[in-house]
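Here is my input; please provide its structure:
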Amino acid sequence: MSAAAQVRYDRELMASNEILWPIVERHLEEADFLAESRRDALDQPDYTLAELAEGLDARLSAHLDGLAIAGPAVLPRLCWPALEEEEELEQGLAAAAGLTILDRGTEEDCAHLLEILGESEADDERWIGLVDALTLASREGLDTWMLAQLSRRAAVGETGGPCVAGLLAASVERRTQLGAGLDPFLGSEDPAVLRAAATLARYGSAAQLEHAAGLGRHDSPEVVAAALESAVVRGLQGAWEVVRYWAFEAPECGFRARALTWLALGDEHGDHTRLGGLLADPQTRADGLWALGFCGWATAVDAVLPHLDDPEQGQLAGEVMTAIAGMPTDEDPLWRDPVVDEAAQEEEGLPEFEADTLDEDLREDPREALLHPEPEAAAAWWAQRRSTLDVGARMIAGQAWTEDSLERAMREQPLRRRHTLAVLLAMRSGGARWPSTRGWAAQQLAALGSTTS
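Got it, this is the predicted structure:
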């Protein structure tokens, strides 16, 4: 039975009876699992936006509807205890409970939710889950309410802390423009606030952008990265020189992969040549391959051919061929089944119970889901395909970069690539276009459809 059908059945079952709490609890458990799965899927190479809309998003929405069957009683019975009493609350449960409160509760409930957000620590599981809830919530007037909450806190000098950081982080994902309301937070001493404020500055005034650019000297790499990305999106003078420093010259850089990717999105051929040079060093090859996949040039495909059989990075090389040249992922001769070393899997499996701290992150690296190219077949495909392409044009999925092809990529490319493609659209529009990549998939598809010709 589908999630939607289950909800209809549960609604009919409870229509003439008292609330059957085991059923409602099951909906919360499923919503918890799906909210966590959804967050992971947003960075995976084997999900598209349409698949997200029809799969995880549809199922999550159905189970949230199932929670709503119980009416207001679900908040004190399940949602508040989950947020207030769980010792180690996970992101999925925080998101599911938070979404139910935001979409079904009173304004007082929403205010109390912010109190709980303020009792969290920025970037812990509960905080991330509640930010996800604020990002996805469909409550009428929520953006206006969030802006009012930020203004009220700024008026009393509260420009830091996990509540303010969470409201700003959700505003980033909702693509909310704060206007003059952003000013107090650009002067915060809280790095979590500053990284969100610096990102929102790409919507801001020239003075706000200059202020954000000044954060490029901050101690936090995440704040510096946010400030630099806004600077390159808006075309601030001198921004590219700073990016080149962090990408190629800085002895240490906590966001080097992102800096390399910005250079790939840019128009400077010299930068693209230097990116290709990173493939010679095994230590920099992975970052170079990831960045080259966004530069759009046929020469980048030429450069990755020798690395298709690299046991460590071959999958990334194959991804470059798909991203730029459009090498199909559904033609078996071009891809091979990965060799599974069962003995190694056993050796690298779960630790002995006595040695297990239970804190290790067991989620797979998204790169593990990438296909393994068949080197000879892939090289032969490219040799034939190259002669049919305009290799003097930048390409995405085998098509020249145009407004239409980039919009199509935002609809059809794997989810893990869409965050960077959204930055590309922002750069090409000077910040006027910056599509959402973490909101409900159906809403993203509708927004993209409304902007295409």
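
Can you list the low-confidence ranges for the chain?
1-17, 87, 338-364, 450-453 (pLDDT under 70).

Would you map the strands across it?
Taking DSSP state E as the criterion, the chain contains strands spanning 335-336, 372-373, 395-396, 399-400.

The first one pairs with which strands, parallel or anti?
This points to strand 335-336. strand 372-373 (antiparallel) (DSSP bridges).

Pull out the buried residues from the top helix by length along the chain.
Of all the segments of type helix in the chain, defined by DSSP state H, the longest one is helix 21-41. Neighbour-count burial for helix 21-41 flags 23-24, 27-28, 30-36, 38-39, 41 (criterion: 16 or more other Cβ atoms under 10 Å). Where you see a C-beta, it was placed from the backbone N, CA and C, and this is true even at glycine.

Which residue ranges make up the domains of this structure?
Following automatic domain parsing, one gets these domains for the chain: 1-174, 278-337+369-401.

For the last one, measure first residue to last.
Using Cα to Cα, to the nearest Å, the end-to-end distance of domain 278-337+369-401 comes out at 24 Å.

That one: how far from the chain's middle?
Mean-position distance between domain 278-337+369-401 and its chain equals 23 Å (Cα atoms, centre = their mean, to the nearest Å).

How about stretch 81-90?
Relative to its parent chain, stretch 81-90 has a centroid offset of 25 Å by Cα atoms, centre = their mean.

And stretch 30-50, by the same measure?
In terms of Cα atoms, centre = their mean, the centre of stretch 30-50 is found 10 Å from the chain centre.

is it possible to export the domains of the chain to a markdown table including distance to H272?
As requested, those are exported to a markdown table (distance: least, Cβ to Cβ, whole Å):
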| stretch | distance to H272 |
| --- | --- |
| domain 1-174 | 23 |
| domain 278-337+369-401 | 5 |
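
Hmm, L83 and G98 touching each other?
Yes: using Cβ atoms under 8 Å, G98 is in contact with L83, at 7.1 Å.

what residues are shared contacts of the two?
Common contact partners of G98 and L83 (Cβ atoms under 8 Å, 6 or more residues apart in numbering): L113, L130.

Please enumerate the helices of the stretch 201-350 of the chain.
Listed from the start of the chain, the stretch 201-350 of the chain has helices (DSSP state H, counting those that start in this stretch) covering 206-213, 221-233, 239-244, 256-265, 269-277, 285-292, 298-304, 314-320, 342-347.

can you tell which of these is closest to A446?
Smallest distance to A446 across these (Cβ to Cβ): 23.8 Å, for helix 221-233.

picking up where we left off before, between the strands of the chain, which one is nearest to M327?
In terms of Cβ to Cβ, the element of those nearest to M327 is strand 372-373, at 8.1 Å.

What number of residues are in the vicinity of L147?
L147 has 17 neighbours, counted by other Cβ atoms under 10 Å.

got it, and L186?
Look at L186: counted by other Cβ under 10 Å, it has 23 neighbours.

before we move on, the earlier item: elements contacting the longest helix of the chain?
helix 3-15, helix 58-68, helix 91-104, helix 125-136 (3 or more Cβ pairs under 8 Å, 6 or more residues apart in numbering; DSSP states H and E).

what's the closest of those helices to R411?
R411 lies closest to helix 58-68 among those, at 17.3 Å (Cβ to Cβ).

Please save the CA atoms from the closest one in CSV.
Backbone C-alpha positions of helix 58-68 (Å, rounded to 0.1, in the frame of the first residue of the first chain) are rendered in CSV as follows:
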residue,chain,number,x,y,z
ALA,A,58,5.6,12.5,-2.1
ARG,A,59,6.1,9.8,0.6
LEU,A,60,7.2,12.4,3.2
SER,A,61,4.3,14.6,2.4
ALA,A,62,1.9,11.7,2.7
HIS,A,63,3.2,10.8,6.2
LEU,A,64,3.1,14.4,7.3
ASP,A,65,-0.6,14.4,6.3
GLY,A,66,-0.9,11.2,8.3
LEU,A,67,0.3,13.0,11.4
ALA,A,68,-2.2,15.8,10.7
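
So for G98 and L83, which sits in the more crowded spot?
Shown here are G98 and L83; by other Cβ under 10 Å, G98 has more neighbours (28 against 25).

From R39, how far out is the closest residue to the more buried one other than its chain neighbours?
In space, and not counting its chain neighbours, G98 is closest to A133: 3.0 Å by Cβ to Cβ, 6 or more residues apart in numbering. Using Cβ to Cβ, to the nearest Å, A133 is found at 11 Å from R39.

joint contacts of the two?
Shared contacts of A133 and R39 (Cβ under 8 Å, 6+ apart): A95.

before we move on, the earlier item: for G431, which of the helices of the stretch 201-350 of the chain is the nearest?
Nearest of the helices of the stretch 201-350 of the chain to G431, taken as Cβ to Cβ: helix 221-233 at 5.1 Å.

Please point out which parts of the closest one sit buried.
221-233.

Please name every helix or strand in contact with that helix.
With contacts defined as 3+ Cβ pairs under 8 Å, 6+ apart, the packing partners of helix 221-233 are helix 191-200, helix 206-213, helix 239-244, helix 256-265, helix 415-428.

burial count for the nearest residue to D123 once chain neighbours are set aside?
Leaving aside its chain neighbours, D123 sits nearest to A192 (7.0 Å; criterion: Cβ to Cβ, 6+ apart). The tally of other residues near A192 (other Cβ under 10 Å) stands at 23.

Same question for D309.
For D309, the count of nearby residues is 16 (other Cβ under 10 Å).

same check, this time on the one 10 residues further on
When counting by other Cβ under 10 Å, one arrives at 26 neighbours for E319.

isn't it right next to F294, touching?
No: if you go by Cβ under 8 Å, E319 and F294 don't touch, sitting 10.7 Å apart.

Can you say which of the helices of the stretch 201-350 of the chain is nearest to A137?
A137 lies closest to helix 221-233 among the helices of the stretch 201-350 of the chain, at 23.5 Å (Cβ to Cβ).
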